[in-house]
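Q: I would like to see how this sequence folds:
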Amino acid sequence: MLSSSLVFSIGTDNLFYATYSTPQTLGSSEPYKTQDESAQWTSALAMPTLKGLEKATAQAFAATQNPADGSIYLVLAVTTDSDLADGDSRLFVTPPLLNNVTEINWPSFGSNWVERPRPKDLQGSKIPIDELFFGTPGANGNGGSG
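A: Numbering: from 1, shown residues only. Model (predicted):
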């Protein structure tokens, strides 16, 4: 399976980006032989594109990869408040993404995000998120993730 190089980041403009390489395959008998200097790097804005989020900024993100099939999962906290550090956060996740940059429609990536609802007992509360983690169920001893 040919995998792709992906780098996720929050830019100096406080927006979430996916930067990916599209290596140029050399004419060779070795499949997928590439040269590092031939890789073409592209950066794509990857913010959620829901109504009301036009001026949203990224607060935190996490990424993980399934070792069995290579699929990638992302989680992103955004705010529409001007106060990035203490702004009320909204949480978004992606469905499994293929680790193949040619299979992801980067210009419309923002439509992949799914907003996670806030628990009923926290609705109406201002909740800033500044750090996110992925975990394995049960890995920390209580059946949940960190």
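
Q: Could you report the neighbour count for K51?
A: Neighbourhood size, K51 [other C-beta atoms under 10 Å]: 5. Backbone N, C-alpha and C define where each C-beta goes, glycine included.

Q: Would you mind measuring from it to L91?
A: 17 Å (C-beta to C-beta, to the nearest Å).

Q: following the lowest-mean-pLDDT helix or strand in the chain, which helix or strand comes up?
A: Lowest mean confidence among the helices and strands of the chain (mean pLDDT, DSSP states H and E): strand 40-45, at a mean of 81. Sequence order places strand 57-65 as the next helix or strand after strand 40-45, per DSSP states H and E.

Q: name the helices or strands packed onto the next helix or strand after that following strand?
A: Downstream of strand 57-65, the next assigned helix or strand under DSSP H and E is strand 72-79. Counting contacts by 3 or more C-beta pairs under 8 Å, 6 or more residues apart in numbering; DSSP states H and E, strand 72-79 is packed against strand 57-65, strand 89-93.

Q: Buried residues in the least confident helix or strand of the chain, which are they?
A: For strand 40-45, burial by neighbour count (16 or more other C-beta atoms under 10 Å) applies to A44.

Q: Using PDB, list the CA coordinates for that strand.
A: In PDB, the C-alpha atoms belonging to strand 40-45 read as follows (Å, rounded to 0.1, in the frame of the first residue of the first chain):
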ATOM      1  CA  GLN A  40       5.600  18.500  -4.500                       C
ATOM      2  CA  TRP A  41       4.200  19.900  -1.300                       C
ATOM      3  CA  THR A  42       0.700  21.500  -1.300                       C
ATOM      4  CA  SER A  43      -1.100  23.200   1.600                       C
ATOM      5  CA  ALA A  44      -4.900  23.100   1.800                       C
ATOM      6  CA  LEU A  45      -7.200  24.900   4.100                       C
END
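
Q: Nearest residue to the spatially most central residue of the chain in space, please, no chain neighbours.
A: In the chain, the centroid-proximal residue (C-alpha atoms, centre = their mean) is L74; its distance is 3.8 Å. Leaving aside its chain neighbours, L74 sits nearest to T94 (4.6 Å; criterion: C-beta to C-beta, 6 or more residues apart in numbering).

Q: any idea how far the one you found lies from G124?
A: T94 sits 27 Å away from G124, going by C-beta to C-beta.
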